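Asker: sequence first, predicted model second:
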Amino acid sequence: MVWQGGRTKIKAKAGYDLCPVSFVRRSIRMATLDEWDRRYVTGETAAVTKLFFPNAVAAYRIVRKIETTNIRTQFMTGHGGFSEYLERFKCKDNPACICDQDISETVPHVLLECPVFAQERVQLETELGIKLEKHVVKELMSSKQRDRFLRYSQRSYHKMANTKPFTVFVEGNIGSGKTTFLEHFRQFEDITLLTEPVEEWRNLRGWNLLDLMYKDPSKWAMAFQAYVSLTMLDMHRRPTTTPVKLMERSIYSARYCFVEHMQRSGILHPAQFAVLDEWFRFIHTEIPIEADLIVYLKTDPKIAYERIKRRARSEEQCVPLSYLEELHKLHEDWLVNRTFAECPAPVLVIDADLDLSQITEEYKKTEHQILRKAVDVVMRSPNKLSPKKPITSSPIKIIPQIRL
Ligand SMILES: [Zn+2]
């Protein structure tokens, strides 16, 4: 640009020797990128990042298209839970991978060679029809298969770092629409879905414990609940490779709602109750159970009753309304009123009184947000441990965790 003197000439001749600011900006940006690229390519640092991006220009273009998460950044830079990196900063005694004492756990090793992740790698290779090698990574990053490849990286990282998944329990009365709710999360690859192991309760070495319990509760409640605890514990302890684990009910609702009801209504003899309660206490104190969020599907017992009648599951047909009302009260006292028992995680309350088809629509609208919103609210809220009232005023409410 040319300096035109001290005065501003409003009616100046067209300045053909001038150029638009946008052009200058673009030139500066390109020059900066060129210099960045020169340093990136010739420099000795960023060896891991170069595995993903051959040059700075490609990196600039691709990074703007992908969602950057904490884990992705760790993977693309190598600055994360890799033994080789941790050892450099004296956070670990040696850089070895668990597969071989003589091999360092680095990003290329985990992604391309390590036998620990062979299953996920073969799956990726079969799906994309490729052999995952060093030069292929760059090609994948600038292709349409990038997202699939990033998911593989993410899963491997979770498995490697043994990162605990964000664990959600979906709680609610019988007929509260848990199945409908859970079905909406089945499509997400990053979520492991564990539904109530009803089939196991229906067939224990040929015996239908669920049916026996409904038909003669005073005789079978104890055996049934003992088996429920075992199968639930199995679900809690099942390892996952995804960042989110969604469970239908938990060992907590088994104890605080169902066993509690059996005790209060006299179905369980006090001695039988004492045995179940001792089991629960032992598990609760001795075995670590992850719980990050409880999604509570709050339903009017009358609505739940109508739904149960309509869906006609054979074992549930003799369930009276009064039973649902009592279970509802126990859920409310445990998760909302907080007058009974301990709540292991913050609670997300969802109004599940809507007709099931409407709920389906609601979930479709919010399926992407429900968990993310919950996670955000819970994690970011400074009130997350405050015993005050729910944080949000929307139909989805979060009640902070309280330990009684
Ligand atoms: Zn290895």
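Answerer: Great, that's in hand.
Asker: what is the burial count for the residue in the stretch 251-400 of the chain positioned nearest to the ion?
Answerer: Residue of the stretch 251-400 of the chain nearest the ion, by Cβ to the ion: Glu290 (25.7 Å). From N, CA and C alone the C-beta is placed, and that goes for glycine too. Number of residues near Glu290 (other Cβ atoms under 10 Å) recorded here: 16.
Asker: these two touch, right, it and Met235?
Answerer: No - look at Glu290 against Met235 with Cβ atoms under 8 Å: they stay out of range, at 11.2 Å.
Asker: what's the separation between the nearest residue to Ser265 once chain neighbours are set aside and Arg264?
Answerer: Of all residues not flanking Ser265 in the chain, Glu326 sits nearest, at 7.2 Å (Cβ to Cβ, 6 or more residues apart in numbering). Remark: distance between Glu326 and Arg264 (Cβ to Cβ, to the nearest Å) = 8 Å.
Asker: do the same with Cys97
Answerer: Counting by Cβ to Cβ - Cys97 and Arg264 are separated by 53 Å.
Asker: and Leu194, by the same measure?
Answerer: 28 Å.
Asker: more crowded one of these two?
Answerer: Neighbours were counted for Leu194 and for Arg264 using other Cβ under 10 Å; Leu194 has more, 20 against 12.
Asker: which strand residues bridge that one?
Answerer: Using DSSP bridges, the beta-bridge partners of Leu194 come out as Met247.
Asker: I'd say it and Arg249 touch.
Answerer: No - using Cβ under 8 Å, Leu194 is not in contact with Arg249, being 9.6 Å away.
Asker: count residues in the vicinity of the closest residue to Cys97 other than its chain neighbours, would you?
Answerer: In this structure, Cys97 finds its nearest non-sequential neighbour in Glu105, 3.7 Å apart by Cβ to Cβ, 6+ apart. Residue neighbour count, defined by other Cβ under 10 Å, stands at 24 for Glu105.
Asker: check Leu209 too.
Answerer: 20.
Asker: what score does it have for pLDDT?
Answerer: Looking at Leu209, its pLDDT reads 95.
Asker: please report phi then psi for the spatially most central residue of the chain.
Answerer: By Cα atoms, centre = their mean, the mean C-alpha position of the chain lies nearest to Val244, the distance being 2.0 Å. Note on Val244: backbone dihedrals following degrees, to the nearest 10 are phi -130, psi 140.
Asker: ok, now His79?
Answerer: Backbone torsions for His79, taken as degrees, to the nearest 10, come to phi -90, psi 90.
Asker: for it, what are its contacts?
Answerer: For His79, the contact set (Cβ atoms under 8 Å, 6 or more residues apart in numbering) comprises 73, 85.
Asker: can you pull the pLDDT of it?
Answerer: In this model, His79 is scored at 87, pLDDT.
Asker: what bridges to the closest residue to Ala352 other than its chain neighbours?
Answerer: Nearest residue to Ala352, sequence neighbours excluded (Cβ to Cβ, 6+ apart): Leu297, at 3.8 Å. With DSSP bridges as the criterion, Leu297 is bridged to Gly172, Ile350.
Asker: so what's His109 up against?
Answerer: So His109 contacts 97, 103 (Cβ under 8 Å, 6+ apart).
Asker: quick one: it from Phe258, how far?
Answerer: Distance of His109 to Phe258, computed by Cβ to Cβ: 48 Å.
Asker: likewise Leu86?
Answerer: Separation of Leu86 from Phe258 (Cβ to Cβ): 44 Å.
Asker: show me where the stretch 51-200 of the chain has strands.
Answerer: For the stretch 51-200 of the chain, the strands defined by DSSP state E, counting those that start in this stretch cover 96-97, 100-104, 166-172, 191-194.
Asker: so which bits of the second one are buried?
Answerer: Across strand 100-104, burial judged by 16 or more other Cβ atoms under 10 Å covers 103-104.
Asker: residues contacting Trp334?
Answerer: 252-253, 256-257, 340-341, 343.
Asker: in helices, which of these appear?
Answerer: Mapping the contacts of Trp334 onto helices (DSSP state H) picks out 252-253.
Asker: list phi and psi for Asp300.
Answerer: Dihedral angles (degrees, to the nearest 10) for Asp300: phi -70, psi 130.
Asker: I'm done for today, thanks for sticking with me.
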